[in-house]
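Asker: Just need the structure, nothing else, for what follows:
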Amino acid sequence: MQSSIDAFLAFGTFEKNFSEHTISAYRLDLKQLVSWMEKQEKNFSNVVYHDLSDFLAHKSKNDYAFSSIARTLFCLRSFFDWFQSEGKRKDNPSELLESPKLWANLPELLSPEEIDLLIRTVNGQKKMAIRNRAILELLYGCGLRVSELVGLRLENVNLQEGFLRCLGKRRKERLIPLGKKAKEALTLWLKEARPEFAAAPRLEQVFIGQKGTPLTRQHVWLEIKRWARLAGISKKVYPHIFRHSFATHLLAGGADLRVVQDLLGHSDIVTTQRYTQVNKGNLVKLFRQLHPRG
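Answerer: Numbering: from 1, shown residues only. You can find the predicted model right below:
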């Protein structure tokens, strides 16, 4: 079974342009599936719909998040589509699997006041504090994924025109305007603090660490948790919460759904529409403002 997994992941890498993060996640999902199937005396050739459904139910009972279960579902569909196309079986046991309600529990958000508090709380060595404030301003001000943030290169930053060229999932490119605060923080980092790092001239990444290496997703995650603790914010704060807040605050302010879709880099507008669920409390206000009979 391992050879099939390796072949599928190679297909995903070279044919479907899956990101490194997706490949890593799918490898884990399939490893968990194999472990579960072996206990049921099943394999990729004889597993059926009910088995896969039971596997997802098993993950749900073990307190996996909705987003994790949904990702596993997408993984199973992609894998068995490929498995069938390779002639390894005639049917696709994942076809009838139903999508879980991804955001049955709506994502927690940070208010603009909490984000401002978090940014003001960042302290430490001057050049590090400048870098860290720029990180927070870009995560919230541009709605970047953490992988996009750490992968951002100098050549993709245009301070004069005020935008970033971002390479997202499946290497999909999008332009993101820099707001006033994000532009100020990024300019300060690039012009004053980044040049103080000895490794700065040889690294292409915008954000670099104290040891002269590019930042990693894990490092940003740990730093954000630390800043939230120092700020006294009791919510679970992680890099993606800034992206959730970015989209929700834009929609709350009356932004067009298609514009937010483009800014986030979503291929399907249905993905963006999930953020409207968070903002239902604003419907009456918008109705009264915008409808002729409001």
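Asker: now E114, nearest residue through space, not along the chain?
Answerer: I233 (5.8 Å; CB to CB, 6 or more residues apart in numbering). No exception for glycine: its C-beta is placed from N, CA and C like everyone else's.
Asker: swap that for D262, please
Answerer: Take D262 and drop its neighbours on the chain: the residue closest to it by CB to CB, 6+ apart is R174, 6.6 Å away.
Asker: and the one you found, helix, strand or coil?
Answerer: Using DSSP: H, G, I helix; E, B strand; the rest coil, the three-state assignment for R174 comes out as strand.
Asker: List the residues that contact it.
Answerer: With contact set as CB atoms under 8 Å, 6 or more residues apart in numbering, R174 has these partners: R165, C166, G168, D262, L263, G265.
Asker: residue ranges for the helices of the stretch 1-150 of the chain, please.
Answerer: Secondary structure of the stretch 1-150 of the chain (DSSP state H, counting those that start in this stretch): helices at 2-14, 20-39, 49-61, 66-85, 112-121, 126-142, 146-151.
Asker: if we can go back for a sec, what residues does the residue nearest to E114 make contact with?
Answerer: So I233 contacts L110, E114, L117, L118 (CB under 8 Å, 6+ apart).
Asker: ditto for L250
Answerer: The neighbours of L250, taking CB under 8 Å, 6+ apart as the test, are V259, V260, L263.
Asker: can you pull the pLDDT of V278?
Answerer: For V278, the pLDDT comes out at 55.
Asker: hang on, I meant Y238
Answerer: As summarised for this prediction, Y238 has a pLDDT of 92.
Asker: let's number from 64 now, not from 1
Answerer: Sure, I'll start counting at 64 from here, so that last one is Y301.
Asker: what's the nearest residue to the residue sitting nearest the centre point of the chain if we skip its chain neighbours?
Answerer: The C-alpha lying nearest the average C-alpha coordinate of the chain belongs to R208 (CA atoms, centre = their mean; 4.5 Å). Closest residue to R208 apart from its sequence neighbours, by CB to CB, 6+ apart: R306 at 6.4 Å.
Asker: Kindly tell me how buried the nearest residue to A88 once chain neighbours are set aside is, as a neighbour count.
Answerer: In space, not counting the residues next to it along the chain, A88 is nearest to R134; the distance is 6.0 Å by CB to CB, 6+ apart. Residue neighbour count, defined by other CB atoms under 10 Å, stands at 18 for R134.
Asker: swap in L93?
Answerer: As a burial measure, L93 scores 22 neighbours (other CB under 10 Å).
Asker: for it, what are its contacts?
Answerer: Neighbour list for L93: I68, F71, C138, F142 [criterion: CB under 8 Å, 6+ apart].
Asker: Swap in 7 Å and give it another go.
Answerer: For L93, the residues meeting the contact criterion (CB atoms under 7 Å, 6 or more residues apart in numbering) are I68, C138, F142.
Asker: For these, please prepare CSV with the additional fields pLDDT.
Answerer: Shown next, in CSV, are the contacts of L93 (pLDDT from 0 to 100):
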residue, pLDDT
I68, 96
C138, 94
F142, 96
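Asker: just those now: which is nearest R280?
Answerer: C138 (19.6 Å; CB to CB).
Asker: in the stretch 114-263 of the chain, which segments are predicted with low confidence?
Answerer: Applying pLDDT under 70 to the stretch 114-263 of the chain flags the ranges 161-170.
Asker: Same list (the contacts of R237) but as TSV, adding distance to E247.
Answerer: Rendered in TSV, the data for the contacts of R237 read as follows (distance: CB to CB, whole Å):
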residue	distance to E247
R228	20
C229	19
G231	24
D325	24
L326	20
G328	24
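Asker: Now the buried members of these.
Answerer: C229, G231, L326, G328 (16 or more other CB atoms under 10 Å).
Asker: wait, is the third one part of a strand?
Answerer: Right, L326. No - secondary structure of L326, determined by three-state DSSP: helix, with no strand assignment.
Asker: Which members of the contacts of L93 are classed as buried?
Answerer: Among these, those classed as buried by neighbour count (16+ other CB under 10 Å) are I68, C138, F142.
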